[in-house]
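> Structure, please.
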Amino acid sequence: MLFKIGLNGNTENLIPIDHFGDGFISMFVMAVIQAIAESNNDDNCLFIFEEPESFLHENHQEYFYKTVLCGLAEKGHQVIYTTHSDKMIDPFDTIGLIRLEMDEKNQTIKKYNDVKEFTFENVDFETGEVINFSRYNEFVKTIEPNLNRLLFSKKVILVEGPNDVLVYKHAIYHKVLEYINDKDDITDKVKYANTFLNFENISIVCHHGKTTALYLIELCKHFKVDYFVINDWDFDEVELDFKLIRSFRSLDELKYDNVYIESPKKAMITNNWNLLNSAGEDKIHFNIKKLEEVIGYNSDNKNSLEIWNHINSDSIIINSNLFPETLASFLGLVKNEAIKDFEEDDLPF
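You can find the predicted model right below:
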């Protein structure tokens, strides 16, 4: 079967469909499928698509989702498709979303579709959705630019801002190099370290504030995305002791203590406790008092070029104050001594 297209209604000069680009061809084929489905009033069909966003411009991906995929569903047809594009989903309607992941045995497993299990207080109980228009401001600031990275990543590191991204990418690179130093089977260790996050499907996402960080933590839990949170403590150790704040079992208990009552920075204490409680102790790291102090950057100039020059100098030390063992474990960079001993002493060959 040969299809010919008349551009702009020109039926006299028809052009074979294979003269067009792949994206145009994809749209045309889908339009034919939609036309067939809409003309069939007797049967409901099952449509299965594999990555329909392929070859489509980003804006056309969203157009195709709204017109073709949603259009078919609105006509009563069942539509199942795989996608790597956040333009092909509606973040305000996650009930039909299934997130798949590869496990340790390279088997595809379902990681998310348990909407009814979602119990966070900020869920919209009418729709069952965690993303709702009452929190649209948070959505636009933190979710919209990061939705693809959040939903399509195996793990996510949540950091405060761009300088944190700069520092932690640099630190992870050096930690990976350190980890693979004795692995002779890796021939290009520099390239391996440079691409480690990409290969492991780990993203670094800016949350730009502790309030929005809580929102992102909720979403990671909701979508069953493994996460690790990095924030500034915003207090010197003598001002506010981390272990003390961690010991309070509830926010009310904290608010009745003198450490809270006598502090002029009650909102900051509350934010820190909420983050610690929401993330979990093994899923969060606080830089005390702030990132710049931990890396030994003493200037008030937060220009990223100055930070970059500093972390590439010999003065920076990547120690546990910056890069805790919990982060190394999250990244899979902690060697299991039990396995190591087995490999060295008990191998049968």
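> Distance check, the residue positioned nearest the centre of the chain against E281.
Nearest residue to the geometric centre of the chain (Cα atoms, centre = their mean): L150, 2.3 Å. L150 sits 23 Å away from E281, going by Cβ to Cβ, to the nearest Å. The way it works is simple: take the backbone N, C-alpha and C, and place the C-beta from them, glycine included.
> how about low-confidence regions in this structure?
Applying pLDDT under 70 to the chain flags the ranges 1, 114-130, 315, 335-349.
> how's it carved up into domains?
4-88, 132-343 (automatic domain parsing).
> Could you dump those domains into a markdown table with distance to L97 added?
Converted to a markdown table, the domains of the chain look like this (distance: least, Cβ to Cβ, whole Å):
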| stretch | distance to L97 |
| --- | --- |
| domain 4-88 | 10 |
| domain 132-343 | 8 |
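> In the stretch 51-200 of the chain, what residue spans correspond to helices?
For the stretch 51-200 of the chain, applying DSSP state H, counting those that start in this stretch gives helices covering 58-64, 70-74, 136-138, 147-151, 162-179, 189-194, 196-199.
> For D241, find the nearest of those.
Set against D241 and scored by Cβ to Cβ, the helices of the stretch 51-200 of the chain come closest in helix 162-179, at 23.3 Å.
> Can you name every helix or strand that the closest one contacts?
Using 3 or more Cβ pairs under 8 Å, 6 or more residues apart in numbering; DSSP states H and E as the contact test, the elements touching helix 162-179 are strand 155-159, helix 189-194, helix 196-199, strand 202-206, helix 291-294, helix 304-311, helix 325-331.
> so which of the ones you listed is the most packed in?
Scoring these by mean neighbour count under mean count of other Cβ atoms under 10 Å gives strand 155-159 as the most buried, with a mean of 23.
> List the contacts of that strand.
If you take Cβ atoms under 8 Å, 6 or more residues apart in numbering as the criterion, strand 155-159 is touched by 149-150, 165, 168, 200-207, 213, 216-217, 220, 225-231, 327, 330-331.
> let's see it at 6 Å
165, 202-205, 207, 213, 216, 225-230 (Cβ atoms under 6 Å, 6 or more residues apart in numbering).
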